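Engineer: model the following, please.
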Amino acid sequence: MLISTPLKTIYVLLLITTLFSCNNTQKTEQEATAKEEKQGINSTDTVNVKAESNPVTWIDDFKSFRDAAYYNDVTKLKGYFNFPVNTDSAKLFFGVALSDEKAREAIRNLKFFTEADLKRYHKNLFHPAFMKSLLKIKSAELFKNGESSSPKFSDKDGDYQMYVTYNRDNHTLTLNLAYSNGADENGEYVSEGEYNLIYEFDVLDDKYIRFKKVDMAG
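Structural biologist: All right, here's what the predicted structure looks like:
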């Protein structure tokens, strides 16, 4: 059947309109799918944040603290302190590595340790040796047995190992960073090289950990 020229023109226009409409529909569907996927990711992130801020047990809060310290998330770290912290009683300066004398003395001279101080000194308090050993603590073992220890490390920060214990009776969590640099350059024993930096946290309602103090032994 022959189609007249005017009808051909109309047919071509209808075909173009149909194709254009299909393309737009497909594009809209693709955009909608992408938007749903993006919303799904955001929704998952929101759920994860809520799970972290509402731990089921203290071990969840311990893991959240470890992540916050590792990723230098000062906003989350603030939640583990009751500000302002009395420097004399909390002895935060003990948490700073002995080699970091400048930061150690700066914190020692503070009457109160504030949120601004945490932002400035969090990397000094949670220094590389602290983080390296803390990351090797097995949380499942700690939760089950009430104790766990890291491997021994030997690097530019010295020889050290972390012991983490949970005292169920007085509801405290202790992170004991033990240095065993008990030898001088000649291999002779020196007691000054052996000491412990002990971070103590209160465990509240069996769900939350909150910084209490730092001690130094040895």
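
Engineer: mind giving me the domain split of this structure?
Structural biologist: By the assignment in automatic domain parsing, the chain contains the domains 1-54, 57-217.

Engineer: mean pLDDT for those: which is lowest?
Structural biologist: Lowest mean pLDDT within the domains of the chain: domain 1-54, at a mean of 45.

Engineer: other residues contacting stretch 70-82?
Structural biologist: With contact meaning Cβ atoms under 8 Å, 6 or more residues apart in numbering, stretch 70-82 is reached by 52-53, 64-65, 67-69, 113, 115, 118-119, 122-123, 131, 134-135, 201, 209-211. The C-beta positions use only the backbone N, C-alpha and C, and glycine is treated the same way.

Engineer: and stretch 74-86, end to end?
Structural biologist: End-to-end distance of stretch 74-86: 19 Å, with Cα to Cα, to the nearest Å as the criterion.

Engineer: and what of stretch 86-99?
Structural biologist: 24 Å.

Engineer: could you do stretch 71-83 as well?
Structural biologist: End-to-end for stretch 71-83, by Cα to Cα: 21 Å.

Engineer: list the contacts of Leu118.
Structural biologist: Contacts of Leu118 (Cβ under 8 Å, 6+ apart): 74, 77-78, 81, 83, 125.

Engineer: ignore the last one, His122
Structural biologist: Going by Cβ under 8 Å, 6+ apart, His122 touches 69, 72, 74, 77.

Engineer: winner for burial among the domains of the chain?
Structural biologist: domain 57-217 (a mean of 16; mean count of other Cβ atoms under 10 Å).

Engineer: would you map the strands across the chain?
Structural biologist: 85-86, 112-113, 147-149, 153-155, 158-167, 172-180, 194-204, 208-217 (DSSP state E).

Engineer: now these in TSV, with distance to Glu141?
Structural biologist: Shown next, in TSV, are the strands of the chain (distance: least, Cβ to Cβ, whole Å):
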stretch	distance to Glu141
strand 85-86	30
strand 112-113	32
strand 147-149	4
strand 153-155	18
strand 158-167	10
strand 172-180	14
strand 194-204	17
strand 208-217	17
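
Engineer: distance of Ala106 relative to Asn82?
Structural biologist: Separation of Ala106 from Asn82 (Cβ to Cβ, to the nearest Å) stands at 21 Å.

Engineer: ok, now Glu200?
Structural biologist: Counting by Cβ to Cβ, the gap from Glu200 to Asn82 is 14 Å.

Engineer: need the overlap of contacts for the two.
Structural biologist: In contact with both Glu200 and Asn82: Phe211, using Cβ under 8 Å, 6+ apart.

Engineer: I'd say Ser148 and Leu134 touch.
Structural biologist: No - the pair Ser148 and Leu134 does not pass the contact test of Cβ atoms under 8 Å, sitting 10.5 Å apart.
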